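**Student:** here's a sequence, model it:
(4 chains)
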There are 4 protein chains.
Amino acid sequence: MFLETIKTDGIAHLSYIFGSQGEACVIDPQLDTDHYIAIANANNCKITTIIETHRNEDFISGALALSNKTSANIFHGPNADAAIAYAQELGDGSKLMVGKLQIEALHTPGHTKDSICLALTDTATTDGAIGVFTGDTLFVNDVGRADFYPDEKETMAGKLYDSLQRLLQLGDEVIVYPAHGAGSVCGGGMAEREFTTIGVERKNNPVLKIGDKDSFICTKVAEKHYIAPYFEQMEEANSKGVDTPLPPSVCMPLTNKQKQAWLTPNDRPGYLLDIRPVAAFQQHHVPGSLNFPGALLSAYAGWLLEYDQPIALVCTGPEQAFEGAQQLWRMGYQNIAGYLTDIPFPVTQTDKASSHLPTVTADTVKERLDNAPGEWVLLDVRKNTEVETMPFAGGTHMYLGHLKQHAADFNKNIHYTCMCGSGMRATVAASYLRYLGIDNVDIFDGSMQAWQQYQS
Amino acid sequence: MFLETIKTDGIAHLSYIFGSQGEACVIDPQLDTDHYIAIANANNCKITTIIETHRNEDFISGALALSNKTSANIFHGPNADAAIAYAQELGDGSKLMVGKLQIEALHTPGHTKDSICLALTDTATTDGAIGVFTGDTLFVNDVGRADFYPDEKETMAGKLYDSLQRLLQLGDEVIVYPAHGAGSVCGGGMAEREFTTIGVERKNNPVLKIGDKDSFICTKVAEKHYIAPYFEQMEEANSKGVDTPLPPSVCMPLTNKQKQAWLTPNDRPGYLLDIRPVAAFQQHHVPGSLNFPGALLSAYAGWLLEYDQPIALVCTGPEQAFEGAQQLWRMGYQNIAGYLTDIPFPVTQTDKASSHLPTVTADTVKERLDNAPGEWVLLDVRKNTEVETMPFAGGTHMYLGHLKQHAADFNKNIHYTCMCGSGMRATVAASYLRYLGIDNVDIFDGSMQAWQQYQS
Amino acid sequence: MFLETIKTDGIAHLSYIFGSQGEACVIDPQLDTDHYIAIANANNCKITTIIETHRNEDFISGALALSNKTSANIFHGPNADAAIAYAQELGDGSKLMVGKLQIEALHTPGHTKDSICLALTDTATTDGAIGVFTGDTLFVNDVGRADFYPDEKETMAGKLYDSLQRLLQLGDEVIVYPAHGAGSVCGGGMAEREFTTIGVERKNNPVLKIGDKDSFICTKVAEKHYIAPYFEQMEEANSKGVDTPLPPSVCMPLTNKQKQAWLTPNDRPGYLLDIRPVAAFQQHHVPGSLNFPGALLSAYAGWLLEYDQPIALVCTGPEQAFEGAQQLWRMGYQNIAGYLTDIPFPVTQTDKASSHLPTVTADTVKERLDNAPGEWVLLDVRKNTEVETMPFAGGTHMYLGHLKQHAADFNKNIHYTCMCGSGMRATVAASYLRYLGIDNVDIFDGSMQAWQQYQS
Amino acid sequence: MFLETIKTDGIAHLSYIFGSQGEACVIDPQLDTDHYIAIANANNCKITTIIETHRNEDFISGALALSNKTSANIFHGPNADAAIAYAQELGDGSKLMVGKLQIEALHTPGHTKDSICLALTDTATTDGAIGVFTGDTLFVNDVGRADFYPDEKETMAGKLYDSLQRLLQLGDEVIVYPAHGAGSVCGGGMAEREFTTIGVERKNNPVLKIGDKDSFICTKVAEKHYIAPYFEQMEEANSKGVDTPLPPSVCMPLTNKQKQAWLTPNDRPGYLLDIRPVAAFQQHHVPGSLNFPGALLSAYAGWLLEYDQPIALVCTGPEQAFEGAQQLWRMGYQNIAGYLTDIPFPVTQTDKASSHLPTVTADTVKERLDNAPGEWVLLDVRKNTEVETMPFAGGTHMYLGHLKQHAADFNKNIHYTCMCGSGMRATVAASYLRYLGIDNVDIFDGSMQAWQQYQS
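**Tutor:** Numbering: from 1, shown residues only, chains lettered A, B, ... in the order given. Have a look, this model is predicted:
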């Protein structure tokens, strides 16, 4: 008997594999299907069952690809609106056996209509559940969003309340295995910790502790989450099912000829994404390239990039290129032309201006705020929740994810200083403004963190 | 924040590493110290704290080696009898912080006098414990042995009862992290499953469910566990502390000259251990070599081998050699001369007889039992508990671990057929009898498993 | 600038990758295309060119699969008989540049009509070639076979002679990069050493030293090589091109239900190949399974197995299963159902007889030879060249690769003792005889090696 | 039989391992001893022999550490001046066997007095040598330095000439295995290519082609190589022998408390080395830290750092930290306190000035050169040979390796612009000037490469 958690960084996703007596089951698989098979093999098991807790909207599901390789059956919750072509329905109360482990489905609508939770019992030694896979219904210290059906927000919040009550009834001793950890777009208040139980949540989870159903609904309806444009793309893909396992070496260096084209702004065949750290990008980058360092690629590519254009990466080497390509594939961007690692030197001050993003310090920002220059905007690209919790007087708020839909509103005659929590998202924003043709852009280095240090 | 389980096969040992905000803590480390450091590094943490739940008796502790590399502090429970030279005492109720995680020591004597359990609280999000490291006090579906102090068995069993009551009071919702899983010499009834909570154990653990203290003491005192001779060796090593990290390439092929000596029974400088699978060993081995396939090396080397002799391995290649060497190092056997992978062919029937171990089938055993030949012994080397649960009429019982202390009792004129549960331990036993100079030895292939199939 | 050799064990094949200034070239790629891409990436190069020294007959080429991933151009030698659909022709004297490295094609017919050698010049620093990729034309200490066109043996041998003279004219200082090392079916006298130069071969290669063309032709025509039935299969595949890269986890454990069928001789859906070492197989195997330990799978599967049946493996674990699957894929066997690692115990003497292959020692063989029993055959399955070099009086010779085509000639009333050089191929042969329904089979353990030891 | 090249980047060092029939030999081992053992194991060989072609001066030899693990014998050339305590002398003409491979020592003084070359013969198949390990005597396209004995430069150059003649006599067909490739401090004109033969060198190597001994001596004496101060340190270490294998996880994150000290310039316990890429360092670094990106750590740490101070690293993560630590260990710097990955944000313009290194473009440099400001120096830190080949009018030349010994000559009132070939070494130089307390420093971005582009 074994149970392992597979964490996918960037989207803070948690999938699970467990097995007993030669059989294994995977919950909410990612596209990296070989990894699940290797774990099953190492435990001398064969993957016979794949279950998805709901039709995922924030990544391409690996269920079909994994099933094609293993012949495992795929199960989904009841889905009246949109049947999942490649899956069998697992209705409330349905039970499956994986060796001596029993899985019982609980239909728990709220996050989505088809959400299920899966109670796990070890029939060899226990009466009653010892664990529950809670999908996007219950997280560590938070609960799932219930805002995906704009016209039914109150109804769905109410259903979520009822679903959570059912989970509480499983008993304090039941271990909780959620589908996301801290950093996901699927909930805002998750704890950093990734292990918990029903009892720990009952006592500590601030949303779960709202005892009254009406208050719960009020709280949930009042939440302001972002709905990324790529969610729709993912939902569609996950409805029909896609078999696009991550190839182990998808990303190759551009040839000299390709490089030529990608380095020339007018000939550039698509998006040039620079996935190096922000400091390196600020100092020196290919004019017109967009900076998506680390996990920000997963978090914001889907907001700022169209799906129909090729992508090339600027990075430090093949490992980083492959990591970037993986993040993009998981979001459904698979048209990756290759990568390059060397950038031409700026030779004149003009070259330099277009390949460098200046940063400003807290005292400079203070000075500008005090002098209030007319043609200057301090663009705060943080999330609603951050702005509410820690407002910054003088900033103009526009969420980073919304820049593309407001692209037409930016003005070439204005001087923009981008800010966020630490300066990372501000750099993404600044690179996007430059991409739009705005020249006069700089970055508040350290942003809120620097500001607090400056004030103290 | 992260928490990872590191499993050491063979001894079914579980150690843990967790961390928060740049600091990490290791519970009951093994000698493979680099592995802990790599996990800490990957989580951007530094190991600052090492805690041992008790002075371990079944493996060489890696605490000192890990501390020497990381400068982490080592903590032990209260130990009146034998102070641990390299550790600080962590008394009942003492608290330590690891980033935002709080560890509180519970002095829980019973398994040993110095046993502690460690309650884990996430001060960022929870009131009260979310997990508890239970060492050898509480396992999944079983509790620790309480038979290490021969004159105080009842007292220790009573203390264990009280200690378990304290654990129950932590609350149903608390996750249990024990020091052993199924297959350990530290408990017999553990479940295969490696995850549980206080509540799941309260409801299902058969020993914990014995509500009455007197009955509990009776049950524990009646248990018959084996006390391996190497426990003493380990205890002494772990009292003073040893810094012998596993070198990554300790095991090298024997030179041609060394090979010569190891292949000649009279010149052999020490034990020749054949760690290949039993079928390969039965078919053809170096005369006088001992078979310890897979995890049986961890389980029985400490019973059958002296510590003062060199060891060479017969195996399929360098990977298997290294795995064997690791198992031996963990038990304190570090004088490993090297390995060899090729064995001379038998050329005459006499060569063959000494390099081959015959197997017999169930119907042959049946026939022998029926005819009851005078000079024949069916040697059953299973554990007490197995023999009690599933007796085999006609077998003479002697636990595999006890063969060495009864070496003088074996008789060259007797024909021995070795048996166990599946034939694996029977092969170890048969190789040991041959090592003692008994020629007329064979193996009941499949043993109890074959017998059941034969009967059905 | 880099040049790496990639060795494929089993078929003793050598492929090469080299690169300069961002471009790389692969010579004679195997199916493991990701490996070439990883090496190119690590050297900051892109694979732009793939060259095959001839249409290979002993493995499935990876050229098309690699080209599909990298968009590299594929080149082949002039092929009047059968154009290679997916390749461009590289005629005698054609030159290609890979960064600063120049490749010049030399049309060197002999082994095949389309064979080319590729002279490598570093245009940055050298006049004239520094290396030459010799395909199956020139090996270390041997030259290629010239017997693939039964009606043109003398003509082809003559062409080979002329081609070798051209290679000699490149100069003593030129490094030789052949397509095979010792152990290949493509030549018998190769040295174990894998590095040489034109000068070293000119002075030492026994075939190359035959100065006179007529003598050379005589020697080559007199050679007796085996032509495996799978060569035709490979040639056809390599003519049209196949894109079947090795999946990283093709091999999975059989489900319990599948296991049932594969273990039952009458229900068995295909070939059950046991790839464990011979000693383990001899001792205990699934009745009717065939033993192909280690590299013997590559060497003899193509002789003894049909292409249209599924295959399941018996092995020690997933790593060994994957290695076995890789060997099979390279030969074009891709219908692999999975693997199993546990074998039922024999319960009766009859079970045992069918799951065990007895071995006999040299003195027993001597005795049988002396007594010359009528219904006994000592079946010597070595190669022609071995039998000629080291004859064994009393043996009946039939090459292991020929057993299938003579299957009808074996007689159930005869007692066969199989022998070879060391006993390994004898075990393959014995398992095949048992597969054919011959019961009375045993193995001369150690065979020639044991015999020599016995005689001394 | 096998032969593998092990390349150590940074110092462009090549070591070799080869073996036959269970025995292996290592030529010029590095400290990563486990790697050699793993290769030997994989080839079923035991390392019995270690040979050093001379007492190395540019890295810590791994010979003693490898011998301590394997019991292999260590051999050195004749060394009248300084006997190597741990090695046996291998005089001219001495022969050793490694399986069927024969090694013959040729005493080839010139680079050092104790230099030997090692001719390799495969006694199974060849008369005469097939390869030669040439140490620092002969490289691809260059020959060794002969300037290590300041008073005997002519004598040593003459000896080198004679030694090279001996190598030529081995025959054109002999493969050359040198101890360094392009990028080493041990020779300037090496080709990028790492494979060659005596014949290819005879025809193409520009130094070897100088036929006349007197002209050869003139040429060699006129060469201007740098003698790094750490050479002496290495020579001393390698004379007595050191056993300091690279630990697999030597480098750990600094604790929060350590971090505090290292980030405070006045409390800093030693050197803070920032091994991130130059662009990241230029943009933002810890004030007072030194930049040594990539292989520049191996190349220049030994010039600019004392041996008696602790070192901490600034890097992107544990892998990069470990690579940096490895480079330092190979040079004998083993006092590594740990690493950090996060750097405080600059909050004021003053903070920013001290944590940022400005870059200037070619047109700015042109402007400054034209205006010739009095208090401005364009500091060209390239090597002699680069400055001679491609002079830059207006630059003041001082080799990067010499900055430390001229530290007192720098003037705080002067504005320095650092330049080199591409801007990388200029950044190292600029960080060192800042470390010396010079504030007014900037970097000519792209340096010569940018200049050429600007001119075109």
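**Student:** from residue B:137, how far out is residue A:199?
**Tutor:** 21 Å (Cβ to Cβ, to the nearest Å). C-betas here are computed from N, CA, C, even on glycine.
**Student:** just residue A:351 next, same as before
**Tutor:** Plainly put, residue A:351 is 69 Å away from residue B:137 if you go by Cβ to Cβ.
**Student:** who's more crowded, these two?
**Tutor:** Higher neighbour count among residue A:351 and residue B:137: residue B:137, with 29 against 21, using other Cβ atoms under 10 Å in any protein chain shown.
**Student:** I'd assumed residue B:160 was in contact with the more buried one.
**Tutor:** Yes: between residue B:137 and residue B:160 there is a contact at 7.1 Å, judged by Cβ atoms under 8 Å.
**Student:** now do the shared contacts for these two.
**Tutor:** Any residue near both residue B:137 and residue B:160 by Cβ atoms under 8 Å, 6 or more residues apart in numbering or on different chains counts here, and that gives B:110-111, B:143-144.
**Student:** which one of the residues you listed has the most neighbours?
**Tutor:** That'd be residue B:143 among the shared contacts of residue B:137 and residue B:160, by other Cβ under 10 Å, with 31 neighbours.
**Student:** for it, which non-adjacent residue is closest in space?
**Tutor:** Spatial nearest neighbour of residue B:143, excluding adjacent residues (Cβ to Cβ, 6 or more residues apart in numbering or on different chains): residue B:207 at 4.7 Å.
**Student:** where along the stretch 101-250 of chain A do the strands fall?
**Tutor:** Assigned by DSSP state E, counting those that start in this stretch, the strands in the stretch 101-250 of chain A fall at A:101-107, A:116-122, A:131-135, A:138-139, A:142-143, A:175-178, A:196-197.
**Student:** next to chain C, which bits of chain A? Give me the list.
**Tutor:** Within chain A, the positions lying close to chain C (Cβ under 8 Å from any Cβ of the partner chain) are A:22-23, A:34, A:37-38, A:40-42, A:44-48, A:69-70, A:247-249, A:252-256, A:317-318, A:321, A:338, A:341.
**Student:** tell me the secondary structure at residue A:379.
**Tutor:** strand (DSSP: H, G, I helix; E, B strand; the rest coil).
**Student:** tell me the bridge partners for it.
**Tutor:** For residue A:379, the beta-bridge partners are residue A:396, residue A:418 (DSSP bridges).
**Student:** residue ranges of the helices in the stretch 101-250 of chain A, please?
**Tutor:** A:153-168, A:198-204, A:213-222, A:230-240 (DSSP state H, counting those that start in this stretch).
**Student:** avg pLDDT for the second one?
**Tutor:** Mean pLDDT, helix A:198-204: 96.
**Student:** and the residue nearest to residue B:143, what does it touch?
**Tutor:** B:142-143, B:189, B:216, B:219-220.
**Student:** show me the two of the residues you listed that sit farthest apart.
**Tutor:** B:189 and B:216 (14.3 Å; Cβ to Cβ).
**Student:** looking at chain A, which helix or strand is least sure?
**Tutor:** helix A:230-240 (a mean of 85; mean pLDDT, DSSP states H and E).
**Student:** need the residues that contact that helix.
**Tutor:** With Cβ under 8 Å, 6+ apart as the criterion, helix A:230-240 contacts A:55-61, A:82, A:84-86, A:302-303, A:307, A:331-332.
**Student:** these two touch, right, residue A:413 and residue A:375?
**Tutor:** Yes: look at residue A:413 against residue A:375 with Cβ under 8 Å: they come within range, at 6.2 Å.
**Student:** got a pLDDT number for the residue lying closest to residue A:16 once chain neighbours are set aside?
**Tutor:** Nearest non-adjacent residue to residue A:16, counting by Cβ to Cβ, 6+ apart: residue A:27, 4.3 Å away. Looking at residue A:27, its pLDDT is 98.
**Student:** which ones are touching residue A:27?
**Tutor:** Going by Cβ under 8 Å, 6+ apart, residue A:27 touches A:15-17, A:50-53, A:118, A:133, A:177, A:179.
**Student:** residue A:124 too?
**Tutor:** Residue A:124 sits in contact with A:100, B:191-193, where contact means Cβ under 8 Å, 6+ apart.
**Student:** circling back to that earlier point, and the shared contacts of residue B:137 and residue B:160 as CSV, adding distance to residue A:437 and pLDDT?
**Tutor:** Output for the shared contacts of residue B:137 and residue B:160, formatted as CSV (distance: Cβ to Cβ, whole Å; pLDDT from 0 to 100):
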residue, distance to residue A:437, pLDDT
B:110, 74, 96
B:111, 71, 95
B:143, 71, 96
B:144, 71, 94
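**Student:** with respect to chain A, which of those residues is nearest?
**Tutor:** Minimum distance to chain A across those is 14.2 Å, recorded for residue B:143 (Cβ to the nearest Cβ).
**Student:** the closest one bridge partners, please.
**Tutor:** residue B:138.
**Student:** and residue C:403, which of the helices of the stretch 101-250 of chain A is closest to it?
**Tutor:** Each of the helices of the stretch 101-250 of chain A has some distance to residue C:403 by Cβ to Cβ; the shortest is helix A:230-240, at 51.1 Å.
**Student:** and the next element down the chain from the closest one?
**Tutor:** helix A:256-263 (DSSP states H and E).
**Student:** and stretch A:168-183, what's buried?
**Tutor:** A:170-183 (16 or more other Cβ atoms under 10 Å in any protein chain shown).
**Student:** and for stretch A:366-384?
**Tutor:** A:368-369, A:377-383.
**Student:** and what of stretch A:218-232?
**Tutor:** Residues of stretch A:218-232 classed as buried by neighbour count (16+ other Cβ under 10 Å): A:220, A:223, A:225-226, A:228-231.
**Student:** in contact with the closest residue to chain D within the stretch 201-350 of chain A, which residues?
**Tutor:** At 2.9 Å from chain D, residue A:345 is the closest residue in the stretch 201-350 of chain A, using Cβ to the nearest Cβ. Taking Cβ under 8 Å, 6+ apart, we find residue A:345 in contact with D:422-423, D:445-446, D:449-450, D:453.
**Student:** and residue A:321, helix, strand or coil?
**Tutor:** When classified by three-state DSSP, residue A:321 comes out as helix.
**Student:** show me the contacts for residue A:426.
**Tutor:** By Cβ under 8 Å, 6+ apart, residue A:426 lies in contact with A:381, A:418-420, A:443-444, A:447.
**Student:** from those, which is closest to residue B:280?
**Tutor:** Using Cβ to Cβ, those come closest to residue B:280 at residue A:420, 62.9 Å.
**Student:** thinking that closest one is in contact with residue A:449, fair?
**Tutor:** No: counting by Cβ under 8 Å, residue A:420 sits too far from residue A:449 to count as a contact (9.8 Å).
**Student:** what does chain A have sitting close to chain B?
**Tutor:** So chain A meets chain B at A:1-3, A:20, A:122, A:124-128, A:130-131, A:140-141, A:171-175, A:191-200, A:202-204 (Cβ under 8 Å from any Cβ).
**Student:** just the buried members of those?
**Tutor:** When these are checked for burial by 16+ other Cβ under 10 Å, the buried set is A:1-3, A:20, A:122, A:125-126, A:130-131, A:140-141, A:171-175, A:191-200, A:202-204.
**Student:** skipping adjacent residues, who's closest to the spatially most distant residue from the centre of chain A in space?
**Tutor:** In chain A, counting by Cα atoms, centre = their mean, residue A:348 sits farthest out from the average C-alpha position, at 39.7 Å. Closest residue to residue A:348 apart from its sequence neighbours, by Cβ to Cβ, 6+ apart: residue D:363 at 4.5 Å.
**Student:** for that neighbour, what are its contacts?
**Tutor:** A:347-349, D:454.
**Student:** farthest-separated two in the residues you listed?
**Tutor:** A:349 and D:454 (11.5 Å).
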